[in-house]
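Asks: build me a model:
(chains A and B)
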Amino acid sequence: MVDHQFRVAAYVVTWVIQLGYLGWLGLKWRAVKRRAGRGNPR
Amino acid sequence: MKQIAIAVYAGVVAALMVWGFYEAIYVAPTDAMQGDIFRIIYYHVPSFAAAFTFFSISFLGSIGFLSFRHSHPEWAQIADAWALAGAEVGVVFCTVGLTTGPLWGRRAWGIWWTWDARLTTTLVLWLIYVSYLLLRRFAAGAQVQTLAAVLGIFGALDVPIVYMANRWWRTQHPAPVFGGSEGSGMARSMVIPLLWNMAAWLAWGVLILGLRFMVERRKQRNDDADAMEALESPV
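Replies: Here you go, the predicted model:
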């Protein structure tokens, strides 16, 4: 039972880190895109 | 067209992730010695395999930047974007490995952490690349990319040391399962789920690596445009 909880914790932590990074990447992408649209004609 | 290709690839990655999870939980047998906790291997080992792959990409990108920075500045910028993307995605995977490892260790060894050669060199690897990212984030000036490239190259030299650590020294961490001494290895019924998860996590890593590269290239173009604008604007 405890093994099961540790395994679940490991899988959850993995997904939290990976999806957290993907979310941060999305915010960064939006920021650079907005800056491109606002600042320069390219 | 590019967006469709990314969407199709993301679909393939999602399918691989689902299949990898299914293999890890429902297909792979429970380990006779460790029980259910052993299933952490299906996320832990692929995470480090991916981390080493992406640190290697950072290493190649850093060499490319240093090689081309005078002769082909545009190529150097592309190489630098790969170096940064590789380092960042590598840190993400290394962080996963360094958090899933202690969860496994606590149940298998009774301790969260020990300063053996494998764990210590891995932590040093993580610290080097975190310092690489902090350097890129907070330092300013024309030399930042060059300094980062040098750090990226030296950081990558730790990768083979981490890999060989449990071959060269006696460690708490288990001896290598693959390519180890005689008698090492895994049952086929466990290797296949591991390979599926390896493929899935590498595919996921390639996806986020590509996205990170695109973000950095866009940022570089923004910076170039800002610099041109500043030069052209009347004083």
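
Asks: alpha carbons of stretch B:81-91, as PDB, please.
Replies: Listed in PDB are the C-alpha atoms of stretch B:81-91, where the atom choice follows Å, rounded to 0.1, in the frame of the first residue of the first chain:
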ATOM      1  CA  ALA B  81      19.300  28.400 -29.400                       C
ATOM      2  CA  TRP B  82      19.800  24.600 -29.500                       C
ATOM      3  CA  ALA B  83      22.300  24.900 -26.700                       C
ATOM      4  CA  LEU B  84      19.900  26.800 -24.500                       C
ATOM      5  CA  ALA B  85      16.900  24.600 -25.300                       C
ATOM      6  CA  GLY B  86      19.000  21.400 -24.700                       C
ATOM      7  CA  ALA B  87      20.200  22.700 -21.300                       C
ATOM      8  CA  GLU B  88      16.700  23.800 -20.200                       C
ATOM      9  CA  VAL B  89      14.900  20.600 -21.200                       C
ATOM     10  CA  GLY B  90      17.800  18.600 -19.800                       C
ATOM     11  CA  VAL B  91      17.400  20.300 -16.400                       C
END
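
Asks: average model confidence for it?
Replies: Across stretch B:81-91, pLDDT averages out at 97.

Asks: mind checking how far that stretch is from the chain centre?
Replies: Here stretch B:81-91 is found 8 Å from its chain centre; the criterion is Cα atoms, centre = their mean, to the nearest Å.

Asks: ok, residues contacting it?
Replies: A:21, B:50-62, B:64-65, B:126, B:129-130, B:132-133, B:136, B:148-149, B:152, B:155, B:205, B:208-209, B:212-213, B:216-217, B:220 (Cβ atoms under 8 Å, 6 or more residues apart in numbering or on different chains). Bear in mind the C-beta positions are built from the backbone N, C-alpha and C, glycine included.

Asks: now the buried members of the residues you listed.
Replies: Among those, those scoring as buried are A:21, B:50-55, B:57-62, B:64-65, B:126, B:129, B:132, B:136, B:148-149, B:152, B:155, B:205, B:208-209, B:212-213, B:216-217, B:220 (criterion: 16 or more other Cβ atoms under 10 Å in any protein chain shown).

Asks: point out the residues in chain B that sit beside chain A.
Replies: Proximity of chain B to chain A is confined to B:34-37, B:39-40, B:43-44, B:47, B:89, B:92, B:95-96, B:99-100, B:103-104, B:106-107, B:204, B:208, B:211-212, B:214-215, B:218-219, B:221-222, B:225-226, B:228-229 under the rule Cβ under 8 Å from any Cβ of the partner chain.

Asks: show me which of the residues you listed are buried.
Replies: For the residues of chain B next to chain A, a burial check counting by 16+ other Cβ under 10 Å picks out B:36-37, B:39-40, B:43-44, B:47, B:89, B:92, B:95-96, B:99-100, B:103-104, B:106-107, B:204, B:208, B:211-212, B:214-215, B:218-219, B:222, B:225.

Asks: from those, which land in helices?
Replies: Counting by DSSP state H, the part of those found in helices is B:43-44, B:47, B:89, B:92, B:95-96, B:99-100, B:103-104, B:106-107, B:204, B:208, B:211-212, B:214-215, B:218-219, B:222, B:225.

Asks: and chain A, which residues reach chain B?
Replies: Residues of chain A lying near chain B (Cβ under 8 Å from any Cβ): A:2-4, A:6-7, A:9-11, A:13-14, A:17-18, A:21-22, A:25, A:28-29, A:32-33, A:35-36, A:39-42.
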